[in-house]
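S.K.: the following block contains a protein sequence and its predicted model.
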Amino acid sequence: MPQQLLREVQHEITVLAPADDIYRLIAEVENWPRIFPPTVHVEHVERGTTSERIQIWATANDEVKTWTSRRTLDPGGRRVEFRQEVSTPPVAAMGGAWVIEPRSATESTIRLLHDYRAVDDDPENLAWIDRAVDRNSRTELAALKSNVEAVTAGGDLLMSFVDSVRIAGPAKAAYDFVNEADRWAERLPHVARVRLTEETPGLQTLEMDTRTQEGATHTTKSIRVCFPHQKIVYKQITLPALMTLHTGCWTFTDEEDGTSTASSQHTVVLKPEAIAAILGPDAGVPQAREYVRGALGANSRATLGHAREYAESRR
């Protein structure tokens, strides 16, 4: 290709976190829903010692998109290279790298590198890509800085937990119950209103009003990725006031004895500045953790219980 038509750009930001911690968060793709706001879910398609192929589900302009990328990992150099397998016009090819450089024991610079070409090497297409890469890189790095600092510094703000039930029968019907969230308002007492859209099979947008233990309601909106009949992963994009992050996963596992297990896993990052307004001036992080665990756990256990009843009634 003519060298002058290959664009190479760089963006960077300084983050108050150790370089090794930042590299780990970027290299281990299960962290991405926590540190990249658009990312809903990532799975390995192929995985080697220093190279891998991953599938990414992420939001773009209020839509869920999925694509695959190849990555090369260099832990010693704290560098992760990536290359899109199939690019979308006007992009003809796109790749780059994350490079993390320590400035001190507690401060690092993240450099985001891109190289790309436009379809037909068209100058207008190239200018469009220039603008998109610049805007997206600045936004992504700013969000990455905020989320990495919260994850690495705020251990008490991050919490994760699981609730499970045993079902006297196969898991498929329980999966169907959770998958059919458009019927939750009639099936679940704590759901007041629900709106489910699924333009692409297995990619859902779920908006619902949930009743709290005090009788009030709050609205949440989630993106869900469904893997019949094994799991449903989700990320809330409209959150309750007490959280800055909420991701989760429903899993359904058949056992050898003919029973099955359904589980609900939550990962939450609390919003400390909202605690006093919601729980009172004397409340702190411990009280917020207890409150969130109780509220989310109660809803999960209620949903799991109704899913079990639904599944067992259809044996």
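M.R.: That came in fine, so what should we check first?

S.K.: quick one: the helices in the stretch 101-250 of the chain?
M.R.: Under the criterion DSSP state H, counting those that start in this stretch, the stretch 101-250 of the chain contains helices at 123-153, 172-179, 184-187.

S.K.: dump these into CSV; add mean pLDDT as well.
M.R.: CSV is the format used below for the helices of the stretch 101-250 of the chain (pLDDT from 0 to 100):
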stretch, mean pLDDT
helix 123-153, 87
helix 172-179, 97
helix 184-187, 96
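
S.K.: and the ones you listed, which is most packed in?
M.R.: Burial among these, expressed as mean neighbours by mean count of other CB atoms under 10 Å, is greatest for helix 172-179, which shows a mean of 21. Every residue, glycine included, has its C-beta placed from N, CA and C.

S.K.: can you give me the strands for the stretch 151-300 of the chain?
M.R.: 158-167, 191-200, 203-211, 217-227, 231-238, 243-254, 260-270 (DSSP state E, counting those that start in this stretch).

S.K.: torsion angles phi and psi at Pro189?
M.R.: phi -60, psi -30 (degrees, to the nearest 10).

S.K.: wait, what's in contact with it?
M.R.: Taking CB atoms under 8 Å, 6 or more residues apart in numbering as the contact definition, Pro189 lies against Arg211, Ala302.

S.K.: please report how far it lies from His11.
M.R.: Relative to His11, Pro189 is positioned 49 Å away (CB to CB, to the nearest Å).

S.K.: what does Asn299 give?
M.R.: Applying CB to CB, one obtains 40 Å for the distance of Asn299 from His11.

S.K.: between those two, tell me which one has more neighbours.
M.R.: Counting neighbours by other CB atoms under 10 Å for Asn299 and for His11 shows that Asn299 has the greater number, 20 against 17.

S.K.: per-residue pLDDT of the closest residue to that one other than its chain neighbours, please?
M.R.: Here the nearest residue to Asn299 in space, its sequence neighbours aside, is His190; by CB to CB, 6 or more residues apart in numbering that works out to 5.5 Å. The score at His190 is 92. That number is its pLDDT.

S.K.: how far away from the center of its chain is the helix or strand Val64 falls within?
M.R.: In the assignment (DSSP states H and E), Val64 maps to strand 63-74. Centroid separation for strand 63-74 versus its chain: 14 Å, with CA atoms, centre = their mean, to the nearest Å.

S.K.: look at the most centrally placed residue in the chain and give its secondary structure.
M.R.: Of all residues in the chain, the one closest to the mean position by CA atoms, centre = their mean is Pro33, 2.6 Å from it. With DSSP: H, G, I helix; E, B strand; the rest coil as the basis, the three-state label of Pro33 is helix.

S.K.: low-confidence ranges in the stretch 151-300 of the chain?
M.R.: By pLDDT under 70, the weakly predicted segments of the stretch 151-300 of the chain are 153-155.
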